[in-house]
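Peer 1: I would like the atomic coordinates for the input below:
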Amino acid sequence: MPDQREPRIRGTGHPLPFSKGRMATNLFLSGVEAEHAYELALDIERAVQEVGSEEIALAELHSIVEDVLRRADGPAAVERYRAWQKVLRRERPLVLMLGGATGTGKSSLATELAYRLGISRITSTDVVRQVMRAFFAPGLMPALHYSSFEAGAGLKMPMPDPEGDDRALYGFIQQAEQVAVGAAAVVERAVLEGLSTVLEGVHLVPGLVEVPEHRAATVVQVLLTIQDEEAHQAHFVARDFSTGGVRALDRYLRSFGEIRRIQDYLVGRAERMDVPIVDGTDGEEALRSVLDLILERATAAPGAVP
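Peer 2: Presented below is the predicted three-dimensional model:
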């Protein structure tokens, strides 16, 4: 019996073979749980093969997907799938600003979101800070030359002089104000170039980095937190294990009080500025929550969502 070849899908470019993995990812974006998404992708693969053609149009594939979804999960699932297809077609570029204190899982979540949304540009505010450090000597901008939770050591005697417990927070605020200039430029350039971008980092303080109101782009800002202290510490332990100790665990745990203080400050700012707060304790749940926010903003009429 000859091998059954995957039909090729004809879109706007060169026809490509049908992929279960890509289909499962699209279904996950549409609100389907990961395991169920793969099961549906297998059903769709069988339906595509039953067409009996070596090549089918992308519109026909979408019709097959909607039929499978409608039978399995109902019309609401079909409507969500259609909404996500509009987002993925990128009628407007997406700029995602993912903030949060150290150790809340920003980098991992940013990478996963970029992969699922097909975004090739990921930038960290730590990279922005590193570039700025190359141009500004420690004597001119000392806060730039320390980690976010250690920036208090670079404070020049501010007025009023902060108490010891406040130095880390004051130093972080000073550093964030400086890095915000570069971060805002990254956002503005992404909007002007029309290129979807994920920008993540602790320096994305709500209200500090200006979020442009552009009809030509969807700009989404989110603050990632871990409210439970033990769960927050566990993230550092897990990261230390996964990276083989590249990022010194002891250093983060020694400064854990300062990191938590910075998080409290960020949460307060987010609440005042109406920036959505997402719990990052469960990475899968955080991914789903941010995707829901992106869909809400991307499908809203311009100016309808703050």
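Peer 1: all strands in this protein, in order from the N-terminus.
Peer 2: 8-10, 16-17, 55-57, 94-100, 121-124, 197-200, 218-225, 277-279 (DSSP state E).
Peer 1: what helices or strands is the longest one leaning on?
Peer 2: If I follow you right, that is strand 218-225. strand 94-100, helix 256-273, strand 277-279, helix 283-299 (3 or more CB pairs under 8 Å, 6 or more residues apart in numbering; DSSP states H and E). For the C-beta atoms, the positions are set from N, CA and C on the backbone; glycine is no exception.
Peer 1: ok, now the last one?
Peer 2: Applying 3+ CB pairs under 8 Å, 6+ apart, one finds that strand 277-279 contacts strand 218-225, helix 256-273, helix 283-299.
Peer 1: just these: most buried one?
Peer 2: Ranked by mean neighbour count, those are led by strand 218-225 with a mean of 23 (mean count of other CB atoms under 10 Å).
Peer 1: For the helices and strands packed on strand 277-279, give me a markdown table that also has mean pLDDT and distance to Glu55.
Peer 2: Formatted as a markdown table, the helices and strands packed on strand 277-279 follow (pLDDT from 0 to 100; distance: least, CB to CB, whole Å):
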| stretch | mean pLDDT | distance to Glu55 |
| --- | --- | --- |
| strand 218-225 | 94 | 33 |
| helix 256-273 | 94 | 49 |
| helix 283-299 | 91 | 31 |
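Peer 1: centre of the chain versus the lengthiest helix in the chain, how much separation?
Peer 2: Looking across the chain with DSSP state H, the single longest helix is helix 164-193. How far helix 164-193 lies from its chain's middle: 18 Å, per CA atoms, centre = their mean, to the nearest Å.
Peer 1: What about the nearest residue to Val179 once chain neighbours are set aside, how many residues nearby?
Peer 2: Leaving aside its chain neighbours, Val179 sits nearest to His203 (4.1 Å; criterion: CB to CB, 6 or more residues apart in numbering). Look at His203: counted by other CB atoms under 10 Å, it has 24 neighbours.
Peer 1: And Glu230, by the same measure?
Peer 2: 7.
Peer 1: quick one, which of the helices and strands packed on strand 277-279 is nearest to Arg10?
Peer 2: Arg10 lies closest, by CB to CB, to one member of these: helix 283-299, at 26.2 Å.
Peer 1: can I see the domain layout of this protein?
Peer 2: Per automatic domain parsing, the domain ranges recorded for the chain read 8-88, 94-299.
Peer 1: what about the stretch 101-250 of the chain, any weak spots by pLDDT?
Peer 2: For the stretch 101-250 of the chain, applying pLDDT under 70 flags the ranges 137-165, 212-215, 240-247.
Peer 1: hang on, the earlier thing: out of the strands of the chain, which comes closest to Leu208?
Peer 2: Closest among those, using CB to CB: strand 94-100, at 9.5 Å.
Peer 1: Show me which residues of the closest one are buried.
Peer 2: Residues of strand 94-100 classed as buried: Leu94, Val95, Leu96, Met97, Leu98, Gly99, Gly100 (neighbour count, 16 or more other CB atoms under 10 Å).
Peer 1: For the strands of the chain, give me a markdown table that also has distance to Asp43.
Peer 2: Conversion of the strands of the chain to a markdown table gives the following (distance: least, CB to CB, whole Å):
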| stretch | distance to Asp43 |
| --- | --- |
| strand 8-10 | 17 |
| strand 16-17 | 18 |
| strand 55-57 | 16 |
| strand 94-100 | 29 |
| strand 121-124 | 33 |
| strand 197-200 | 32 |
| strand 218-225 | 31 |
| strand 277-279 | 31 |
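Peer 1: nearest to Tyr81, of those strands?
Peer 2: Per CB to CB, nearest to Tyr81 of these: strand 8-10, 16.1 Å.
Peer 1: Give the pairing partners of that closest one; include direction for each.
Peer 2: Strand 8-10 has the following sheet partners, assigned by DSSP bridges: strand 16-17 (antiparallel), strand 55-57 (parallel).
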